[in-house]
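> pasting the structure only:
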């Protein structure tokens, strides 16, 4: 059965931890679906990890639509969360609703946007239309320039501000909120204060769920990686070795062999 917002609420109520992974293509989405991953985020991290941009900021709405549609075609059971890219929701709640609808029409089951109280009106407008919204607080990559780089957020008194933002998102109708690169103590504090699930990425072990970027998880991302990244495979080395073996086979005349020929 496809995962819904009601499942996430039930998991939090029962204290069951869950995961979310990013996906950017149909093939990966299908593999992760078969592995039982409940949430797939078509993150604007596709800018860094697929399109070769220096940050998430250049990602366009058109690019988000293409990748969200591909993931939706590859997976049928996970909840597909489409990321609203920078510039697609900040101008007005109406524009946010328009672009959220575009993601839903290509296969997203929910959308994600960044920001706390400043984004509450957009969240309310989108959820009033029946589209589930996931929030994102802490180190929000679309605010890279305002933060002066990738820095841990929510230390000291700023933790109170982040908690207020989280409560505002909950009140506006978010069904979950991502907490990125904040002190573990603050992650626990926000998770305890909210009725909706928190999904951590560099926010400590007390969040209701955890998310990683798929290229980080698989070991495709080159060093340096953020402190919170744990590599569960080393596909970078595996891919490089496979390409080198192919080149060696061709150079030595071992490929194609008779079993690879048509007659």
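Okay, I see it. All values reported here derive from a predicted model rather than from experimental measurement.

> All the helices of the stretch 151-263 of the chain, residue numbers only.
In the stretch 151-263 of the chain, helices defined by DSSP state H, counting those that start in this stretch lie at 158-172, 184-193, 214-217, 235-252, listed in chain order.

> In JSON lines, list the ones you listed along with distance to residue 107 and mean neighbour count.
All C-beta atoms are positioned from the backbone trio N, CA, C, and that covers glycine. As requested, these are arranged in JSON lines below (distance: least, CB to CB, whole Å; neighbours: other CB atoms under 10 Å):
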{"stretch": "helix 158-172", "distance to residue 107": "24", "mean neighbour count": "18"}
{"stretch": "helix 184-193", "distance to residue 107": "30", "mean neighbour count": "18"}
{"stretch": "helix 214-217", "distance to residue 107": "18", "mean neighbour count": "21"}
{"stretch": "helix 235-252", "distance to residue 107": "26", "mean neighbour count": "12"}
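
> Can I get these in CSV including distance to residue 151 and mean pLDDT?
Formatted as CSV, the entries for the helices of the stretch 151-263 of the chain read as follows, by distance: least, CB to CB, whole Å; pLDDT from 0 to 100:
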stretch, distance to residue 151, mean pLDDT
helix 158-172, 11, 96
helix 184-193, 14, 98
helix 214-217, 19, 98
helix 235-252, 27, 98
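
> Identify whichever of these lies nearest to residue 63.
Between residue 63 and the helices of the stretch 151-263 of the chain, the shortest separation by CB to CB is 16.7 Å, and it involves helix 214-217.

> hmm, who's touching that closest one?
Surrounding helix 214-217, the residues in contact under the criterion CB atoms under 8 Å, 6 or more residues apart in numbering are 21-24, 28, 32, 49, 221, 225, 229-233.

> change it to 10 Å
Contact with helix 214-217 is made by 19, 21-25, 28-29, 31-32, 37, 40-41, 43, 45-46, 48-50, 201, 211, 220-222, 225-226, 228-233, 235-236, as judged by CB atoms under 10 Å, 6 or more residues apart in numbering.

> Inside strands: which ones of these?
For the contacts of helix 214-217, membership in strands holds for 19, 21-22, 40-41, 201, 211, with DSSP state E as the criterion.

> Which of these are buried? Put it as a PyMOL command.
Applied in PyMOL, the following selects the buried portion of these according to 16 or more other CB atoms under 10 Å:
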select buried, resi 21+22+40+41+201+211
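
> Residue 109: which of the ones in strands among the contacts of helix 214-217 is nearest?
residue 40 (9.5 Å).

> give me every residue that touches the closest one.
With CB under 10 Å, 6+ apart as the criterion, the residues that contact residue 40 are 3, 20-24, 28-29, 32-33, 68, 71-72, 74-75, 77-82, 108-109, 214.

> ditto for residue 43
Applying CB under 10 Å, 6+ apart as the definition, the contact partners of residue 43 turn out to be 20-24, 49, 56, 59, 64, 67, 81-83, 85, 112, 136, 141, 178, 211, 213-214.

> just the buried members of these?
When neighbours are counted using 16+ other CB under 10 Å, these contain these buried positions: 20-24, 49, 56, 59, 64, 67, 81-83, 85, 112, 136, 141, 178, 211, 213-214.

> Residue 125 in helix, strand or coil?
Residue 125 carries the three-state label helix when classified by DSSP: H, G, I helix; E, B strand; the rest coil.

> now the helices of the stretch 151-263 of the chain in a markdown table, with distance to residue 124?
Shown next, in a markdown table, are those (distance: least, CB to CB, whole Å):
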| stretch | distance to residue 124 |
| --- | --- |
| helix 158-172 | 5 |
| helix 184-193 | 20 |
| helix 214-217 | 31 |
| helix 235-252 | 41 |
